[in-house]
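Colleague: Quick one, fold the following:
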Amino acid sequence: MAAHNEFGLEGEDKAVNYLIREGYFILDRNWKSGHKELDIVAEKDGTLVVVEVKTRKSDKYGNPEDAVSPRKIRNTVLAADAYIRYNRIDLPVRFDIISIVSNSDVINHIEDAFRSPVWYR
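Modeller: Below is the predicted model:
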């Protein structure tokens, strides 16, 4: 596995551990729908929470969450829609971002970071 992929998985591991400590139940990791992927799918308090994880070695070039582009949002929403249909889930959905800067071990959990745009289909 490429070093950047291993680094990303380490960030996802940190995010999962953080979410579990915060009372989230992890349903899936790295769930794929075609070429689209959901990093973490969790549930808390009757809400399905789709979490995009962004990990950077430093914040020299900006915050990790700034890398979540409109295209990434669209693909995440489409994959979440496929996940919900495939698993026949009937819960409200929230989209979060967890950004991690590894040189400082800072975990920033942005709840309700984006909404499903009306143009996603």
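Colleague: Where does the prediction get shaky in this structure?
Modeller: For the chain, applying pLDDT under 70 flags the ranges 1-8, 117-121.
Colleague: what's the helix or strand for the residue most central in space within it?
Modeller: Most central in the chain under C-alpha atoms, centre = their mean is residue 52, positioned 1.7 Å from the mean C-alpha point. In this assignment (DSSP states H and E), residue 52 forms part of strand 47-56.
Colleague: how about that strand: buried residues?
Modeller: 48-56 (16 or more other C-beta atoms under 10 Å). For glycine as for every other residue, the C-beta is placed from the backbone atoms N, C-alpha and C.
Colleague: The residue lying farthest from the centre of the chain is in what secondary structure piece?
Modeller: Farthest-out residue of the chain from its mean C-alpha position, per C-alpha atoms, centre = their mean: residue 60, at 22.0 Å. Assigned by DSSP H and E, residue 60 belongs to neither a helix nor a strand.
Colleague: From residue 90, how far off is it?
Modeller: The gap separating residue 60 from residue 90 is 43 Å, by C-beta to C-beta, to the nearest Å.
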